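# What would the 3D arrangement of this be:
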Amino acid sequence: MECVIVGGNHFNTLWLARSLGKEHIFPDIIILNPSKKTSFVTKTKYANRTFVVNSKEELIELLISNFFREKTVLISAGDDVASTIDVNYNKLKTKFFLPNCNQQQGKLVEAMDKKNMNDIADEVGFNIPLTIQYDFSFDNSLDYENIIYPCIVKPGKSISGHKEDFRICQNKKALIKELTSIKSTCSEVLIQEYIEPEFEFLVNCVRLPNGENIVPGVIRKEMKGTKLNDLGMTFIARTDGDIDKYIDKSIIDKFICQYNYHGIYSIEFMYAKNKAYFLELNLRSDATMFISTTNGVNLPLSWYNSFKNDNNMSQSKNKYSENITFGMAEVSYFKTKPFFNPFKMIRTINRMNCFSIFSWSDIKPFIYKFIYAI
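The predicted structure follows:
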């Protein structure tokens, strides 16, 4: 059975290919890269065929062409790609096994609305910071005096912005300034009570077509960016198979069932005041997938296998091992962390079991990324 990975010019896409390639499944890779016709991801040895497209229209045109001989498993990486696939679901569903919400076009994009996401999370039992939705198109006034400060401002939809667009505001004056700034890029925002986290963690999961929901444990963030716009950017993270000390898995099962979603996904949390707070649901592969795969939990393989009737197929573990896997997003780390202590840097690197791009067994993407600065 064929498989195609569709994503951006990012290591998230690269590690989907590596996850399958390590099990001798060589996917086609399509990179959506509006600025260039090249990508370091296409240099992986685990690709069957590679394509780089510059627009969403070109992406859909390629998918509905005759490149694929049989119904093909599709895995998406990135909100922009996931939403593009979803709004073209009816065109693609006869040719591909697609991630989906309730097997209906547009439902996955609806699920990306953060206000609805928070409402459902609250309904099933997650802890949610106090939240206000503000729509620039309809709301002419905002009761600034009744907002709890400090607060955090986020784009209202996953596809409308990124973590770089998050803003922390200490008072009314700062909030007015940031709302004016973000108005040009987002039509609506969430204004949430800002709770200083002790740490952040996430769960990488997959819900299979038969309804089985694989939640192997948590990925705990060990080192993050220090600048405000790096909020949520993870440099170093590690696995922990004991999910019960972080979150109730039954609530995760209940939450994802509300969407009737099938596919790879992740949920982000922060831990503060002796409890976990829900932050965000991502209905696509997460950038920390490389840590899960290195630990032996191969979620892309589980998704692929669910469509193939073959008892001889290699299988993935469904729970992280007791041996902790440390992973580093080395590009972000080296760009942001100063080199004033080379010995500490070397010790940190030596602790790592895996990296977001570097891999001795698949070295060309790393060389292409750094030597040619692509």
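
# Arg220 versus the closest residue to Cys186 other than its chain neighbours, what's the distance?
Spatially, and ignoring its direct neighbours in sequence, Cys186 is nearest to Pro155 (4.5 Å; C-beta to C-beta, 6 or more residues apart in numbering). Glycine gets a C-beta too; all of them are placed from N, C-alpha and C. Noted for Pro155: a distance of 25 Å to Arg220, by C-beta to C-beta, to the nearest Å.

# Quickly note the distance from the residue nearest to Cys186 to Lys317.
35 Å.

# Which residue of those two possesses the greater neighbour count?
More crowded of Pro155 and Lys317, by other C-beta atoms under 10 Å: Pro155, with 20 against 15.

# does the more buried one really touch Ile182, like I thought?
Yes. With contacts counted by C-beta atoms under 8 Å, Pro155 reaches Ile182, the gap being 7.4 Å.

# quick one, domains of the protein?
3-110, 130-193, 199-371 (automatic domain parsing).

# what's the most buried one of the ones you listed?
Mean neighbours per residue, mean count of other C-beta atoms under 10 Å, is largest over those for domain 3-110, with a mean of 19.

# Can you give me the end-to-end span of that one?
By C-alpha to C-alpha, to the nearest Å, the extent of domain 3-110 from end to end equals 26 Å.

# Let me know the average pLDDT across it.
Domain 3-110 carries an average pLDDT of 94.

# again with stretch 363-371
89.

# what's in contact with that stretch?
Residues outside stretch 363-371 that contact it (C-beta atoms under 8 Å, 6 or more residues apart in numbering) are 14, 40-41, 43-45, 331, 357-359, 374.

# mind running it again at 7 Å?
14, 40-41, 43-45, 357-358, 374 (C-beta atoms under 7 Å, 6 or more residues apart in numbering).

# sorry, back to before: surely the residue nearest to Cys186 and Ser187 touch.
No. Using C-beta atoms under 7 Å, Pro155 is not in contact with Ser187; the gap is 9.0 Å.

# okay, the residue in the chain sticking out farthest from the centre: pLDDT?
Largest separation from the mean C-alpha position in the chain: Glu145, at 34.8 Å (C-alpha atoms, centre = their mean). For Glu145, the pLDDT comes out at 85.

# Retrieve the pLDDT associated with the residue nearest the centre of the chain.
Computing the C-alpha centroid of the chain and ranking residues by C-alpha atoms, centre = their mean puts Asp286 first, at 2.7 Å. Confidence at Asp286, expressed as pLDDT, is 92.

# any idea how far the closest residue to it other than its chain neighbours is from Cys169?
Residue nearest to Asp286 in three dimensions, not counting chain neighbours: Ser266, with 3.7 Å by C-beta to C-beta, 6+ apart. With distances taken as C-beta to C-beta, Ser266 is found 27 Å from Cys169.

# try Ala17
40 Å.

# Show me the contact partners of stretch 287-302.
11-12, 15-16, 18-20, 23, 75, 202, 204, 206, 208, 214, 216, 219, 234, 237, 239, 264, 316-318, 320-321, 325, 327, 353-354, 356.

# taking those residues one by one, which sit in strands?
75, 202, 204, 206, 214, 219, 234, 237, 239, 264, 327, 354 (DSSP state E).

# Tyr261: what's it in contact with?
Counted by C-beta under 7 Å, 6+ apart, Tyr261 has contacts 101, 207, 283.

# same question, Pro34
54-55.

# and it, helix, strand or coil?
Secondary structure assignment for Pro34 (DSSP: H, G, I helix; E, B strand; the rest coil): coil.

# Confirm that Glu57 sits in a helix.
Yes. Remark: Glu57 belongs to a helix, assigned using three-state DSSP.

# Many thanks, I have nothing further to ask.
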